[in-house]
Structure formats: C-alpha cells, structure tokens
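[1] Sequence below, structure please.
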Amino acid sequence: TNRGTFNSGGNTTYSALSTVAGSTTTMAGTNTFNGNITNAGTFSGGTGTNTYARVTNNGTFNGGSGSNTFTTTRFSNSATGAFDSGTATNNFNVIFNNSNTATFSGGITNFSAGFTNNDPGTVTATAGIVNFDGTATQTITNNSTAPTPLSFYNLNLTGTGSKRLSGSGDFSVGGDLTINSGVTLTYVNASNTSSLNVTGAMTNDGTYTHNSTGTLTVGGTLTNNSGKTMTLGTATTTLNGDLNNAGTITQNTGAFDFNGGSFANSGTFTITSGANTFGGTVFNNTGTFNVGTAPITFDNAGNTSISTTPALTFANLNFSGSGTKTLTSGSFAIADTGALTMAGTTTLAAGGNLTLNSGATSTARVAAIPSGAAISGNVNVQRYFTGGGTLPSNIYRSYRLLSSPVNSNSVTNNNSSTALYNLAGLSYLYTG
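    Residues are numbered from 1 along each chain as shown. Take a look at the predicted model:
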C-alpha cells in the first residue's frame, strides 16, 4: 500500500498494489503485477514496461511514455477515476470499462476486447492512434447521456470479425477512420439514434453498415475500395470532402448531402429515396449510378463539371445555387414522368448532352425558369406519338403537328417584335 510517493526501479513482480488518495506512484524498468491494482492516488506507467492483471482506478491513471499491457480481466475506471493514455503504447487484452473521464492524448492504444462507456462517462481524444484489433467480435458501447460523443482521434479497425457500435450515445473520430480488410463495422441494432462523425478521412477496405437512425458525417475524403461495401442509414449522410467509390455504396431512405470537391464513382452507387444534393465542383461517373425515383439536386455555389460514361436517367433533376453547371460529357436524360427545375442564379450549360424523354403516357418537362437562372446550349426533346387511322391499312399513318415551347431571340419587323420558335433538327425512332 502506497500512502506517499513511490518510484519503481523496475525488474519487480508485485502480487498486488493499493494506493491512497494523495499518493504518487511512478513506474520505470520492467514491472509485473500479478494481482489487483486499486488506485486512489496518482499512478503513472512512467517509462516502464508494465504488465497488469486487473486494475480498478478511483484516482488518476496515466499511461506514461513506456508500454502497458493489461492481461487478465478488465480495466475499470470508476465514477471518480480519470484515465489518460499518455504517449505510451497501451495494450488492452481486457474490457475497458469507463464511468468517469477517459482521455486519449497520444501514443498507440490497442484493444483486443470490448470498450464500454457508462453513464455519465466521457471519452475524449486529442491525439494518438486507437486500434481495435481483436480476432473475435468487439463491441464499442456508449451508454452515456453526456452531450459529448465517445471520441477517438485516429481509429483503425483491424483483425478479423465484426466491430460493433452499440448504445444510444454518439460516436466521434477526431482524425481518420480506417476499416481494414476482413473487418465489418456495424451498429448493433437499428433502433438506436446514435450518430457517427468523422472529422478526417474515412477509408473502407471491409464492410460498413450504418443501421442507426442517426446521421453519418465525414469531413475528409471518403474512400470505398474495389469489392467493398458500404450501406448507409435512414438519416442524412453528409460528406464534406471528396468521394472515391470503386466498390458498392447504397444510401437507404436517408438523404445524401455531398458538399466536397470531387465525386468520383467507378463502382456502384445507389440512392433509394430522400432529398439528395451534390454541391461539389466535379461529378464524374464511370460506373453504375442508380437513383431510382429519388430527386437529385446540383446546388454548388459555384461552377460544377458533370460527366458520365454510361448514360444516366434522372427521375427529377434540379439545379440551384450559383455559377455554371456544365454537362461536360456523356448522356443525361430526364425520365418521361420527371421534370428539370432551375433555381437560384445558376446556369445549366447543357451542351447537347441532355434529353427530355417522352413515353406513351407522359413527357419530361422543364419547370418555369425563375429570373436569374438560365439554360444554355442545345437540349434534346423527345415526343412520343401513338399511331392512328382506320383499320386495317393505315393504323400507323396520321398527321402530327410539332412546335417548340422555347423561343430564340426576337426579331424586329415593321416596328414589331416577334419571337422565333423553331426546331433545330428532327430525328425519328420507329417502333412496332
């Protein structure tokens, strides 16, 4: 029992250790604790290489700058405890149980078991790397009602099997989140409302499933590698950096809000519903982009280059914000039941790459264009005709009248102004 100040010289094996409030314990050298450590004072791993069985921390526990390995049952940071990783290498082969404050301020911390943050505990991070590297299922649980989320700085999910996010509290990554090959990251149940916020980049080389009804926000680049899968949630997914998708991304009923620079899809990207916005400067699709009946809005406050290799058909396509949205290359179409809508002060430079489809029962339309917005360049407009006439010989023969709903520049003749309505060209597709 330490009631004062104790500095370990190392190369020592302890059966147990107890410290009282106001005491200071600092380790150096190699130390092994075969029994329980109950700390009520200030304990530091120092520069030591330390191995612990079971730790109950009621005071202050700092990992120091050496290495610490926790081996047997659990590390319990009680309702009066304060844990700081220090700059050490910390290996938790046991469950980490936090009920007060835990801080990851540097170093490398490895968890091969679970992590639980109890109410009203807080977990914060200012630097360092945290690895969840177990070979069995690992659960990261946040049951705290504290307004701050459970936070790590750089979070790497390695090893094998499933890593699960559980509880009603939110999760945050202050740096980068990396899901490595062979790893599945998922929410335990679909009824929780917890959100995940990643300040830096998010890289998926495994499987990610966002079952929560809470939001997903990524501040840096989101990369989903070839052959990998991401299933996004029923709440809004917000991307504030670039997106590079070579795998499969599916956005469920939640909205998709892209505010980054470049959206690059060479894999399969599916949006099922929701209000979906693309505010970046580049949209480049060389893969499969499925939008179903979901409306798509390009709303950048500036210029946007939009290109696709396979043809894209939108149910409803909207352009807003400002600047020029240029259909740089590829084939774009509005479904026969859909509409093209302009808003703000933006200009759509169609460049002959946009078609308004027409079917037997409906035809795509252009909604009224407000003052300040404009469409420039050629737009291809289809018109579906049904054959008519009297049976049997001329069922497909009939006269049809065509006119353009869009006028060109007015001309002045005999002091009067006349708008010109013209068809720049006609092409025919015969069926039946």
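[2] what does stretch 153-163 rub up against?
    Stretch 153-163 is contacted from outside by 104, 112, 125-140, 173-180, 182-186, 200, 206, using C-beta atoms under 8 Å, 6 or more residues apart in numbering. Any C-beta I mention is one placed from the backbone N, CA and C, and that applies to glycine too.
[3] If any of these are buried, put those into a PyMOL selection.
    Applied in PyMOL, the following selects the buried portion of the contacts of stretch 153-163 according to 16 or more other C-beta atoms under 10 Å:
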select buried, resi 104+112+125+128+129+130+131+132+133+134+138+139+140+173+174+175+176+177+178+179+180+183+184+185+186+200+206
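[4] Isn't T193 up against G214?
    Yes - the pair T193 / G214 is scored as a contact, 4.9 Å apart, by C-beta atoms under 8 Å.
[5] excluding its backbone neighbours, what's nearest G214?
    S195 (3.5 Å; C-beta to C-beta, 6 or more residues apart in numbering).
[6] How many residues are close by the closest residue in space to V282 that isn't next to it in sequence?
    Once flanking residues are discounted, V282 sits nearest to S262: 4.2 Å by C-beta to C-beta, 6+ apart. By other C-beta atoms under 10 Å, 16 other residues sit near S262.
[7] Contacts only, for S262.
    Contacts for S262 (C-beta under 8 Å, 6+ apart) come out as D242, L243, N244, G280, T281, V282, N284.
[8] Could you tell me how far it is located from F278?
    When distance is defined by C-beta to C-beta, to the nearest Å, S262 is 11 Å away from F278.
[9] and what of G134?
    For G134 relative to F278 (C-beta to C-beta), the value is 38 Å.
[10] Isn't T337 up against S362?
    Yes - T337 lies in contact with S362 (C-beta under 8 Å); the separation is 4.9 Å.
[11] For the contacts of S262, which two are the farthest from each other?
    Spanning the widest gap among those are N244 and T281, at 14.8 Å by C-beta to C-beta.
[12] Those two: who's more crowded?
    Per other C-beta under 10 Å, whichever of N244 and T281 has more neighbours is N244, with 18 against 15.
[13] what bridges to the more buried one?
    When bridges are called by DSSP bridges, N244 pairs up with T223, A264.
[14] In this structure it contacts S226, no?
    No - using C-beta under 8 Å, N244 is not in contact with S226, being 10.5 Å away.
[15] Which residue ranges of the stretch 51-200 of the chain form helices?
    Here the stretch 51-200 of the chain has no helices by DSSP state H, counting those that start in this stretch.
[16] Give me the below-cutoff pLDDT ranges for it.
    Low-confidence segments of the stretch 51-200 of the chain (pLDDT under 70): 189-192.
[17] what's the distance between G161 and N204?
    Separation of G161 from N204 (C-beta to C-beta): 16 Å.
[18] typo on my end, it should be N7
    Per C-beta to C-beta, N7 is found 46 Å from N204.
[19] okay, the two: which has more neighbours?
    N204 (24 against 11).
[20] tell me which element the closest residue to G359 other than its chain neighbours is part of?
    Computed as C-beta to C-beta, 6+ apart, the closest residue to G359 that is not its neighbour in sequence is D336, at 3.7 Å. Assignment of secondary structure by DSSP states H and E places D336 within no helix or strand.
[21] Relative to D336, how far out is the residue lying closest to T386 once chain neighbours are set aside?
    The spatially closest residue to T386, leaving aside those adjacent along the chain, is A360, at 6.5 Å (C-beta to C-beta, 6+ apart). Applying C-beta to C-beta, the value for A360 to D336 is 9 Å.
[22] tell me the contacts of the spatially closest residue to T109 that is not a sequence neighbour?
    Distance criterion C-beta to C-beta, 6+ apart; nearest residue to T109, sequence neighbours excluded, is N90 at 4.4 Å. With contact taken as C-beta under 8 Å, 6+ apart, N90 is in contact with G63, S67, N68, T69, F70, G107, I108, T109, N110.
[23] So what does the first one have for phi and psi?
    Read it as G63. When read as degrees, to the nearest 10, the backbone of G63 gives phi -70, psi -20.
[24] Hmm, F92 and it touching each other?
    No - using C-beta under 8 Å, G63 is not in contact with F92; the gap is 10.6 Å.
[25] burial of F278, as a residue count?
    A total of 22 residues lie near F278 under the criterion other C-beta under 10 Å.
[26] List the backbone torsions phi and psi for it.
    Dihedral pair for F278: phi -120, psi 110, per degrees, to the nearest 10.
[27] so T293 touches G274, yeah?
    No - applying C-beta under 8 Å as the test, T293 and G274 come out as separate, 10.7 Å apart.
[28] Those two: who's more crowded?
    Here T293 and G274 are compared on neighbour count by other C-beta under 10 Å; more neighbours surround G274, at 19 against 13.
[29] Reduced to three states, what does the more buried one come out as?
    Taken by DSSP: H, G, I helix; E, B strand; the rest coil, the conformation at G274 corresponds to coil.
[30] That one: what's it in contact with?
    Residues counted as contacts of G274 (C-beta under 8 Å, 6+ apart) are T236, Q251, T253, G254, A255, F256, A294.
[31] what's the burial count for the fourth one?
    Neighbouring residues of G254 were enumerated by other C-beta under 10 Å; the total is 23.
[32] What does the pLDDT read for it?
    Model confidence at G254, given as pLDDT, is 86.
[33] Then L401?
    Note for L401: predicted pLDDT of 73.
[34] So it, which state does it fall into?
    Here L401 is recorded as coil under three-state DSSP.
[35] Report the separation between it and R383.
    When C-beta to C-beta is applied, the distance between L401 and R383 equals 11 Å.
[36] Give me the more crowded residue out of these two.
    More crowded of L401 and R383, by other C-beta under 10 Å: R383, with 10 against 4.
[37] what sits against the nearest residue to the more buried one once chain neighbours are set aside?
    Leaving aside its chain neighbours, R383 sits nearest to S358 (5.1 Å; criterion: C-beta to C-beta, 6+ apart). The neighbourhood of S358, defined by C-beta under 8 Å, 6+ apart, consists of D336, A364, V381, Q382, R383, Y384.
[38] S358 bridge partners, please.
    Going by DSSP bridges, S358 is paired in beta bridges with T363.
[39] Roughly how far does it sit from I296?
    As judged by C-beta to C-beta, S358 and I296 stand 20 Å apart.
[40] now I95
    45 Å.
[41] same check, this time on D176
    From D176 across to I296, the span is 29 Å (C-beta to C-beta).
[42] hang on, A16 packs against G35?
    Yes - at 3.4 Å, A16 and G35 qualify as touching, with contact defined as C-beta under 8 Å.
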